[in-house]
Each structure stands twice: as structure tokens, then as C-alpha cells.
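>>> Structural data only, the sequence is not supplied:
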């Protein structure tokens, strides 16, 4: 471990999460710590990416959403604000079957606000888990048909529909990765899945040094106050 700004940081690659300086946030290029991923500023080439083409447009509209909705708009409202500012009227909704009721509400909200919506459930195409090499012992209901999640199918269907912005609602860990990889349209996340914590994964982070300590830090003594 190396000591930097009164905190210990892993001596491996970049460690912004443990940085006690955040010179980038303060705009002080003279204070970038050793190993910072942004020496000498961002560089002309990288800055240029935010000045031209679709990347520039997305970056600008995202900044405007932040500025005008900060602490006022919900994530759902921010999503619609971003879509409007970006000129997107055709939205895609890639959702988990376990959140189908929530997806129905989200679809209605989008339509009520002037958007068209194409929604695709994770189990689309009805591919059996056994068809993709998942044995019965690794399924939730061995001996019964169990549909596999099909995020590639979700991405392809939304591409066929011509959606301009895709919204993810509760896709499984890893399945969301595949959806991001195969989506042709830009993607934003409305909510992530956490079956244990009511889709609020940060609850585990907030309890990392207390009730969840022994679960999240295997080598700890498991003691927690309270």
C-alpha cells in the first residue's frame, strides 16, 4: 500500500475511489496525485471528443439535465428530460420479467409524456436454459422448463424497432452487460436489480462497515456496532 493524502490506496493501477484530493473535481491541475489517470489535463484529443458528433451532443444534453434538474427531478423525469433535449421521441424499454408491473407503469408514463415506447421482456423468444448449456442443477426449478434471459434478443428487437434511446429496468447482473454490448442505440439505466434489497444495492454499501461487514469483507472479524 502507498500513503497518499492521509488515506491508504491500493498500489495497483488507478485508484480514484480512494483519492483524498480530487483535484479534477476542484479544477486544480497542479494537484493531480501520483498515478492520476488525468495528468496534464485531459489532452486535446479527449476534449475534442466532447466537441463534435453524437458524443458531444450527448455530453451537452446530459450536462443540461444535471444543471436544470439537480435535486428537483426524479430519475424517471430526468430520463424523459434527457430524451427530449436529445431529440429522441422513440424509446426502448428493456426490462426484467420480475419487474413487469413496474415496466407497465413506466411505459404508460413515457407515452403520457409524448414518447412512443417499444418494450422487450428479458425472457423474449422463450429460449430454454438447457439450450444454452445450463444444466438442471444450475437452474431454479430443475426438471421444469426454465426460460433463459435473452438480452441479445432484447437489443436486437429494439434495433429492429428503431428505438433512439434504450432504457434498462432491472436486468440481471451480466445480462445488462450483454445488453449494453449489443444495443445499437445509446443506453441509460432507470433501475438496477437487487432481489434482496428491494432493488436498492447501495443499502449494502451503507451497511458495509456495520451489519454487512462480515458478508462484504470476508477477512474481517464480523463485529459491528449497534
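Yep, that arrived. In this text, all values refer to a predicted model and were calculated from it rather than measured experimentally.
>>> Show me how this protein divides into domains.
What automatic domain parsing lists as the domains of the chain is 1-41, 42-193.
>>> Determine which residue lies closest to the centroid of the chain.
Taking C-alpha atoms, centre = their mean, the centroid of the chain lies closest to residue 189, which sits 5.0 Å from it.
>>> re the thing from before, among the domains of the chain, show the one with the smallest mean pLDDT.
Out of those, domain 1-41 stands lowest, with a mean of 70 (criterion: mean pLDDT).
>>> Going by residue numbers, what spans are strands in this protein?
Counting by DSSP state E, one finds strands in the chain at the ranges 2-4, 7-9, 90-95, 116-121, 165-169, 187-191.
>>> buried residues in the last one?
If I follow you right, that is strand 187-191. Of the residues in strand 187-191, 187, 188, 189, 190, 191 count as buried by neighbour count, 16 or more other C-beta atoms under 10 Å. All C-beta spots, glycine's among them, are computed from the backbone N, C-alpha and C.
>>> List the contacts of that strand.
Applying C-beta atoms under 8 Å, 6 or more residues apart in numbering, the external contacts of strand 187-191 come out as 75-76, 79, 82, 99, 102, 106, 165-170, 176, 179-180, 199.
>>> Next: the fourth one.
Applying C-beta under 8 Å, 6+ apart, the external contacts of strand 116-121 come out as 89-97, 100, 103, 107, 110-111, 153-154, 157-158, 161, 163.
>>> cutoff 10 Å now
The contact list for strand 116-121, computed with C-beta atoms under 10 Å, 6 or more residues apart in numbering, reads 89-100, 103-104, 106-111, 147, 149-151, 153-158, 160-164, 166-167, 169, 179.
>>> what's the nearest residue to the residue of the chain most remote from its centre if we skip its chain neighbours?
Distance from the centre of the chain peaks at residue 143, with 33.8 Å (C-alpha atoms, centre = their mean). Closest residue to residue 143 apart from its sequence neighbours, by C-beta to C-beta, 6 or more residues apart in numbering: residue 136 at 6.4 Å.
>>> Contacts only, for the one you found.
Here residue 136 is in contact with 129, 130, 142, 143, 144, 146 (C-beta under 10 Å, 6+ apart).
>>> Tell me if I'm right that the first one and residue 137 touch.
No - with contacts defined as C-beta atoms under 10 Å, residue 129 does not count as touching residue 137, sitting 11.3 Å away.
>>> the more surrounded of these two?
For the pair residue 129 and residue 137, the greater number of neighbours falls to residue 129 (18 against 6), based on other C-beta atoms under 10 Å.
>>> Mind giving me the packing neighbours of the helix ranked longest in the chain?
Across the chain, the longest stretch assigned as helix under DSSP state H is helix 53-69. Applying 3 or more C-beta pairs under 10 Å, 6 or more residues apart in numbering; DSSP states H and E, we find helix 53-69 packed against helix 44-49, helix 75-86.
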